[in-house]
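>>> pasted the sequence and its predicted model underneath.
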Protein chains: 2
Amino acid sequence: MIEDPLSDLPDLEDIRAAQARLAGVARRTPLIESEDLSALAGARVFLKCESLQRTGSFKIRGAWSRASKIPEKDRTLGLAAFSSGNHAQGVAEAARLMGVPAWIVMPSDAPRAKIESVRRRGANVRLYDRLGESREAIAEEIAARTGATLIRPFDDAYVIAGQGVAALEALEQARGAQFSDFLCCASGGGLMAGSAIVFSGVSPATRLHVCEPQGHDDHLRSLEAGRLVANPPGVRSMADALMAPQPGDLTFRINKTRLAGGFAVSDDDLRAAMSYGFHRLRLVLEPGGATALAALLANPGAFAGRGPLLVMLSGGNVDPEIFAAAIARVPEDPDFTAGGRV
Amino acid sequence: MIEDPLSDLPDLEDIRAAQARLAGVARRTPLIESEDLSALAGARVFLKCESLQRTGSFKIRGAWSRASKIPEKDRTLGLAAFSSGNHAQGVAEAARLMGVPAWIVMPSDAPRAKIESVRRRGANVRLYDRLGESREAIAEEIAARTGATLIRPFDDAYVIAGQGVAALEALEQARGAQFSDFLCCASGGGLMAGSAIVFSGVSPATRLHVCEPQGHDDHLRSLEAGRLVANPPGVRSMADALMAPQPGDLTFRINKTRLAGGFAVSDDDLRAAMSYGFHRLRLVLEPGGATALAALLANPGAFAGRGPLLVMLSGGNVDPEIFAAAIARVPEDPDFTAGGRV
């Protein structure tokens, strides 16, 4: 039971309540078993395709989960958010569906696809300089001036509960398959935290692995240190969606006791995963959305003999030239015929 | 009841029987409702994503449906096929799953992605010159020499029955939604014919529209003429999967009484549909697989006020440079906020 969403932690019942609120708004995204990927990993692999979610990422779940809890008189004043792009689209879409205004603070170097998608949904976009301005300060000023409710990207119990619905759905769709391992990306850690609550309650034996870009592996290093550790400043990654400076306070309170470990992947691993998505899965994945797949592909022996694995594909909003460059290199996979029927 | 698959026509019970044989082999592919596309079309649009099928197209359905009816003693001698690529992959995958050899006759200018996918599945590939050699003659010679069973791409009742399972699944997944219209590509016409049998039996009020590349609109012209009409020789289309010279005999016997009409689309329409798939749906579509979507996008007013529409996305096996060129042009869509909640 959430009383203050900025300090309370959600539980499994909160995630089930969020699932009910999301009905008819978020899609029940496909869970796909990939025979090719299973042969490669030596374990059955299931993919939860949040790249096929409304707005092209899971973020509409958390945005709607939070927005739908705003009292009616406040909701009409609108929604505000700061985000590199996917949370931005989620909040803009929630506002559009509610018929209320939205103000979105986005970095000026965000992918064009994400900025345009926010604009197409009728939101007011305020671009800021990632190096010289504080997005939190800008968003808070807008919220104070307009009366709009600021929807934080991860440190909010209703947002975390909404993101957890994706994992809950996947467990329902798997019809009793007991996942040995779950691979999921993290930036602020909301998707991982919501998922962790679901697994704790429904499938506690599943081992949870956080997957991050190298240099942005703040969850992995925080887990190892047993306390919040920030990323070194100035390190770039092509995973524009995963550039939060450190794990969230709420999300890390959840994740720190539940995660088994994690993987850090290079930009080259991300490009290889995007290419695999195109050539073998026929899915469009953005760099951040391909991070868990990249971790699996870069560590093909890590799960051999285990399984089934659940891999979260979290988003597919990528500019065409980035995608074109990634898919030019065709994946090399081992002899597909060796394993027989998989 | 099919006695001779080369002359009998399948009925709805044959398609249900094929569905049972396909369980555990073909995926139950996602049916996705696209809010963006619905706003654009002025009607609810559902997409049946056979691009996410095993082997990246619906063709595994027909191949397995046919192969699983071969008597055991013949089946061990292997399977043979001629195909520009997707049927080739379907037959190669069926043979791999059955643990029997496969011989596939493919044009030397087939997409590399398709040739490589067939080879990765362990099949023997015989390339031929599209202009100077007869693929049927080569395949029949191989079948006679090896004892392999030739699986024809469309003029076979078991193949047609297998392809029809995709539409049957879509109707099950739609849970009672009454589709006003069905848009589907055609080359030999097997997918359309199998679908037509399903709609005749389960949803007879649905209007069926065949979608073809310009210059390869042999179904549309055959419908208008009331008899089989071949394509003019030498016309090229980027839809490599849809280049059969004329409708099949069996398939046209089914389609000619059931189709309401159709659409012919240009290569530019196909590129626009592939781009829409990337930017708005996050799906990888090959030119042929995007043909029904292209027909909808090129005729946005044609279905306004009708719906729900069912659009078949039949395949996603495309070489990266073709895809990269198509997605470079971002779709222009009308103001997304005008329609409110869709």
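Nice, I can see it.
>>> hey, let's count contacts and neighbours off CA atoms from now on
Noted.
>>> for the single nearest residue of the stretch 51-200 of chain A relative to chain B, what is the enclosing helix or strand?
Going by Cα to the nearest Cα, chain B is nearest to A:L97 of the stretch 51-200 of chain A, at 5.3 Å. Element membership for A:L97, per DSSP states H and E: helix A:86-98.
>>> same for that helix, what does it pack against?
Applying 3 or more Cα pairs under 8 Å, 6 or more residues apart in numbering or on different chains; DSSP states H and E, we find helix A:86-98 packed against helix A:59-67, strand A:79-82, strand A:102-107, helix A:112-120.
>>> switch these over to TSV; also include distance to B:G277 and mean neighbour count.
Below are the helices and strands packed on helix A:86-98 laid out as TSV (distance: least, Cα to Cα, whole Å; neighbours: other Cα atoms under 10 Å in any protein chain shown):
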stretch	distance to B:G277	mean neighbour count
helix A:59-67	20	29
strand A:79-82	28	29
strand A:102-107	25	25
helix A:112-120	14	19
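>>> from A:L220, how far out is A:L296?
To A:L220, A:L296 is 16 Å away according to Cα to Cα, to the nearest Å.
>>> what's the answer for A:V100, then?
39 Å.
>>> same drill for these two, tell me which one is more crowded.
Neighbour tally, A:V100 and A:L220, criterion other Cα atoms under 10 Å in any protein chain shown: the higher count belongs to A:L220, 24 against 17.
>>> the more buried one reaches A:L259, doesn't it?
No - applying Cα atoms under 8 Å, one finds A:L220 not in contact with A:L259, separated by 9.2 Å.
>>> for chain A, what spans make up the strands?
A:31-33, A:45-49, A:79-82, A:102-107, A:124-128, A:149-150, A:181-185, A:207-213, A:261-265, A:309-313 (DSSP state E).
>>> pipe those into TSV and attach distance to A:I15 and mean pLDDT per row.
Shown next, in TSV, are the strands of chain A (distance: least, Cα to Cα, whole Å; pLDDT from 0 to 100):
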stretch	distance to A:I15	mean pLDDT
strand A:31-33	19	97
strand A:45-49	17	98
strand A:79-82	22	96
strand A:102-107	25	96
strand A:124-128	30	96
strand A:149-150	21	98
strand A:181-185	18	98
strand A:207-213	18	98
strand A:261-265	24	97
strand A:309-313	18	98
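>>> give me whichever of the ones you listed is most buried.
strand A:79-82 (a mean of 29; mean count of other Cα atoms under 10 Å in any protein chain shown).
>>> and for that strand, what's in contact with it?
Outside of strand A:79-82, the residues within contact range by Cα atoms under 8 Å, 6 or more residues apart in numbering or on different chains are A:67, A:87-88, A:91-92, A:95, A:100-106, A:135-136, A:139, A:142-143, A:148-153.
>>> now the angle from the helix ranked longest in chain A to helix A:59-67?
In chain A, assigned by DSSP state H, the helix with the most residues is helix A:157-173. Orientation note: helix A:157-173 sits at an angle of 130 degrees relative to helix A:59-67 (axes from the mean of the first three to the mean of the last three Cα atoms, to 10 degrees).
>>> for helix A:157-173, name the packing helices and strands.
Counting by 3+ Cα pairs under 8 Å, 6+ apart, helix A:157-173 packs on helix A:12-22, helix A:59-67, helix A:190-202.
>>> in that helix, what counts as buried?
Of the residues in helix A:157-173, A:157-171, A:173 count as buried by neighbour count, 16 or more other Cα atoms under 10 Å in any protein chain shown.
>>> tell me how far that helix is from the chain's mean position?
Between the centre of helix A:157-173 and the centre of its host chain there is 11 Å, according to Cα atoms, centre = their mean, to the nearest Å.
>>> mean confidence score for that helix?
Helix A:157-173 shows a mean pLDDT of 98.
>>> now that helix - C-alpha only, PDB.
Extracted in PDB, the C-alpha atoms of helix A:157-173 (Å, rounded to 0.1, in the frame of the first residue of the first chain):
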ATOM      1  CA  ALA A 157       6.500   3.900  -6.200                       C
ATOM      2  CA  TYR A 158       3.700   4.200  -8.700                       C
ATOM      3  CA  VAL A 159       6.200   4.400 -11.600                       C
ATOM      4  CA  ILE A 160       8.100   1.400 -10.300                       C
ATOM      5  CA  ALA A 161       4.800  -0.500  -9.900                       C
ATOM      6  CA  GLY A 162       3.800   0.300 -13.500                       C
ATOM      7  CA  GLN A 163       7.100  -0.900 -14.900                       C
ATOM      8  CA  GLY A 164       6.800  -4.100 -13.000                       C
ATOM      9  CA  VAL A 165       3.700  -5.000 -14.900                       C
ATOM     10  CA  ALA A 166       5.900  -6.100 -17.900                       C
ATOM     11  CA  ALA A 167       7.500  -8.900 -15.900                       C
ATOM     12  CA  LEU A 168       4.200  -9.900 -14.300                       C
ATOM     13  CA  GLU A 169       2.700 -10.200 -17.800                       C
ATOM     14  CA  ALA A 170       5.700 -12.300 -19.000                       C
ATOM     15  CA  LEU A 171       5.200 -14.700 -16.100                       C
ATOM     16  CA  GLU A 172       1.500 -15.000 -17.000                       C
ATOM     17  CA  GLN A 173       2.300 -15.500 -20.700                       C
END
